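**Student:** Any chance you can model this:
(4 chains)
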Protein chains: 2
Amino acid sequence: MSVTTLHRPAHRDALALVETAFEEGRMVTAFGRCTVDYDGRASSDLGPGDRLVVCKPDGTVLVHTDENRNPVNWQPPGCTHHAGVRDGRLRIRSVRSSPSERLDVSFRQLEQVTAYEVEDRSDLTLTGSEEDLRTRILDDPSSVEPGFRPTATERETAAGPVDIFGDDADGRPMVVELKRRRVGPSAAGQLRRYVEAVDEEFPGEDVRGILVAPSVTDRAAALLTEQDLEFVPLSPPDGGEDGSVTHD
Amino acid sequence: MSVTTLHRPAHRDALALVETAFEEGRMVTAFGRCTVDYDGRASSDLGPGDRLVVCKPDGTVLVHTDENRNPVNWQPPGCTHHAGVRDGRLRIRSVRSSPSERLDVSFRQLEQVTAYEVEDRSDLTLTGSEEDLRTRILDDPSSVEPGFRPTATERETAAGPVDIFGDDADGRPMVVELKRRRVGPSAAGQLRRYVEAVDEEFPGEDVRGILVAPSVTDRAAALLTEQDLEFVPLSPPDGGEDGSVTHD
DNA sequence: TGTTCTATTTCGATT
DNA sequence: AATCGAAGTAGAACA
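**Tutor:** Next comes the predicted model:
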């Protein structure tokens, strides 16, 4: 059977299901009134409330409330789950070492416990990352400007590594900074520091700084103009259509 | 009733439960064989597999496999959930604008659907953050060094805001950078830039730079010494015991 | 294993 | 709403 559920179980029955699921590598969810206690890299306490607890066979634990994308408490993959009953509470404990961390969930009342058999071989294919944008430009440098010739990626400078380094049609050095989404003033400052650093290396020449991103904020655009930096609107392939239209 | 569960439901019945739950602000989980499609800030596709889908009343959607701490796909709070049946599939769609994002989950077979009523008024109390470290130092400046007198937090400089600014027992300006955990070379660089910026402001005086953290890497320690910067081993209160012992 | 960097980062605070 | 920085960041790539 792929899914086994107990509704308002006695702790004893819930414990049997959970322990078996842990042993057999099944995923478990538990929902009910509980308290949570964490100690490790930091330390936290959570008073009684209704939460959904997910225990994965890879050692992950998630404690979710009805709000927010992130769990209110959790344990990363690689932990070891334990379950027990004490003082009329069902307790789920997850532990790891290096760094030493411990998560305790104590259920006063269990509304539901479920064990799942999971089969999933599919891999996620994600497009629209900065890596995709870099690939797109290296495949077709003219998408930045005709005559652009990339010579290096992640080129080291005094201000840190530059995304793409190269020359323009006239042989002037070009520093290209990539951002996969709409950028603010900080990206302009970053590019400025790169250009200044590369300027030091090429005393005679006039180094160009180009920011490649789907779009920029008004303030960032002003900063770029102010500092003689350039902006090329370009999105990663497929995703990131927010670059085609800039609302403001 | 606090929890309602359907086991291997017909899509029609599942749809009724899910739509009601969305309307009444209940949390929903669905488990079964599904495909997932996302388009927005990036773009992704996920082939058929067994996943646990969580829809929260605040607009969050999580798609979890049996591995990893993070969901394989998700939608942040503030989205709107919709459900429907088409081509013999139960579809759950979550949408938001600004930025425009869409997540589609299509169930070929549903093993289980559950709607939860969640009550949770408890707040998480967390200790061991950088904020706690700052509080600890402001409460007892001598924990950095005897005679240290903080005069400002988040003090602006040309290189950005400094965590804590003050004077030492001899009246020399002190720039204090806080890190809640073991730090690498980047923190040394950051501190150096702050000290250089403050040095400009106090031409006659010799500005001191102090990095406060549980511990440092070897390379970072070398950089600090090289640049006449100082390190004070100090952890946030309670959590972060890894600072008391530095292994290497 | 430790270090460094990216992220559909998320999240909160502040302007 | 835009911006900035911390996070028990997580996760991957690399030495």
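**Student:** quick one: low-confidence parts of chain A?
**Tutor:** Across chain A, the ranges flagged by pLDDT under 70 are A:1, A:158-160, A:238-248.
**Student:** For residue A:172, see how far away the residue of it positioned farthest from its centre is.
**Tutor:** Using CA atoms, centre = their mean, the residue of chain A lying farthest from its centre is residue A:204. It sits 42.2 Å away. Note on residue A:204: its distance to residue A:172, by CB to CB, to the nearest Å, is 11 Å. C-beta: built from backbone N, CA, C; applies to glycine.
**Student:** who touches both of the two?
**Tutor:** Shared contacts of residue A:204 and residue A:172 (CB atoms under 8 Å, 6 or more residues apart in numbering or on different chains): none.
**Student:** buried set for the longest helix seen in chain A?
**Tutor:** If you go by DSSP state H, chain A has its longest helix at helix A:185-201. By neighbour count on 16 or more other CB atoms under 10 Å in any protein chain shown, the buried set for helix A:185-201 is A:185, A:187-188, A:190-192, A:194-199.
**Student:** want to try CSV for these, with distance to DNA strand C as columns?
**Tutor:** As requested, the buried residues of helix A:185-201 are exported to CSV (distance: CB to the nearest atom of the strand, whole Å):
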residue, distance to DNA strand C
A:185, 13
A:187, 12
A:188, 17
A:190, 10
A:191, 14
A:192, 17
A:194, 12
A:195, 17
A:196, 19
A:197, 15
A:198, 17
A:199, 21
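**Student:** of these, closest to DNA strand D?
**Tutor:** Nearest to DNA strand D among the buried residues of helix A:185-201 is residue A:185, at 4.2 Å by CB to the nearest atom of the strand.
**Student:** my read: the closest one touches residue A:223, true?
**Tutor:** Yes: counting by CB atoms under 8 Å, residue A:185 does reach residue A:223; the two are 5.4 Å apart.
**Student:** Off-centre distance for the longest helix of chain A?
**Tutor:** Relative to its parent chain, helix A:185-201 has a centroid offset of 26 Å by CA atoms, centre = their mean, to the nearest Å.
**Student:** what packs against that helix?
**Tutor:** With contacts defined as 3 or more CB pairs under 8 Å, 6 or more residues apart in numbering or on different chains; DSSP states H and E, helix A:185-201 has these neighbours: strand A:162-167, strand A:173-178, strand A:208-213, helix A:218-226.
**Student:** Report the entries of the buried residues of helix A:185-201 that also contact DNA strand D.
**Tutor:** With the criterion set as CB under 7 Å from any atom of the strand, the members of these near DNA strand D are residue A:185.
**Student:** now, among the buried residues of helix A:185-201, which is nearest to residue B:112?
**Tutor:** Among the buried residues of helix A:185-201, residue A:187 lies closest to residue B:112 (CB to CB), at 45.7 Å.
**Student:** With adjacent residues omitted, what lies nearest to the closest one?
**Tutor:** residue A:179 (5.6 Å; CB to CB, 6 or more residues apart in numbering or on different chains).
**Student:** quick one, what contacts the one you found?
**Tutor:** A:130, A:187, A:211-214.
**Student:** Can you tell me the SS state at residue A:181?
**Tutor:** When classified by DSSP: H, G, I helix; E, B strand; the rest coil, residue A:181 comes out as coil.
**Student:** Throw the helices and strands packed on helix A:185-201 into JSON lines and include distance to residue B:120 and mean neighbour count, thanks.
**Tutor:** Output for those, formatted as JSON lines (distance: least, CB to CB, whole Å; neighbours: other CB atoms under 10 Å in any protein chain shown):
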{"stretch": "strand A:162-167", "distance to residue B:120": "44", "mean neighbour count": "22"}
{"stretch": "strand A:173-178", "distance to residue B:120": "42", "mean neighbour count": "23"}
{"stretch": "strand A:208-213", "distance to residue B:120": "40", "mean neighbour count": "24"}
{"stretch": "helix A:218-226", "distance to residue B:120": "40", "mean neighbour count": "15"}
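**Student:** Format the ones you listed as TSV; extra columns: distance to DNA strand D.
**Tutor:** Listed next are those as TSV, based on distance: least, CB to the nearest atom of the strand, whole Å:
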stretch	distance to DNA strand D
strand A:162-167	15
strand A:173-178	14
strand A:208-213	12
helix A:218-226	4
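**Student:** closest one to DNA strand C among these?
**Tutor:** Minimum separation from DNA strand C across the helices and strands packed on helix A:185-201 (CB to the nearest atom of the strand) falls at strand A:162-167, 7.7 Å.
**Student:** Just name whatever secondary elements that closest one is in contact with.
**Tutor:** If contacts are counted by 3+ CB pairs under 8 Å, 6+ apart, strand A:162-167 sits against helix A:130-139, strand A:149-155, strand A:173-178, helix A:185-201.
**Student:** Would you mind getting the angle between the shortest one and helix A:185-201?
**Tutor:** Between the axis of strand A:173-178 and that of helix A:185-201 there is an angle of 160 degrees, by axes from the mean of the first three to the mean of the last three CA atoms, to 10 degrees.
**Student:** For the closest residue to residue A:134 other than its chain neighbours, give me its contacts.
**Tutor:** Closest residue in space to residue A:134, ignoring its immediate chain neighbours: residue A:178 at 6.0 Å, by CB to CB, 6+ apart. Contact analysis of residue A:178 by CB under 8 Å, 6+ apart lists A:130, A:133-134, A:137, A:163-164, A:212-213.
**Student:** Please look at residue A:84 and residue A:15 and confirm they touch.
**Tutor:** Yes: using CB under 8 Å, residue A:84 makes contact with residue A:15 at a distance of 7.0 Å.
**Student:** For the two, work out which one has more neighbours and name it.
**Tutor:** It is residue A:15, of residue A:84 and residue A:15, that has more neighbours when counted by other CB atoms under 10 Å in any protein chain shown, with 18 against 13.
**Student:** Next, the buried residues of the helix or strand encompassing the more buried one.
**Tutor:** Using DSSP states H and E, the element containing residue A:15 is helix A:11-24. Residues of helix A:11-24 classed as buried by neighbour count (16+ other CB under 10 Å): A:11, A:14-15, A:17-18, A:21-22.
**Student:** quick one: contacts of that helix?
**Tutor:** Contacts for helix A:11-24 (CB under 8 Å, 6+ apart): A:4, A:6, A:9, A:26-28, A:30, A:55, A:57, A:81-85, A:88-90, A:92, A:107, A:110, A:113, A:115.
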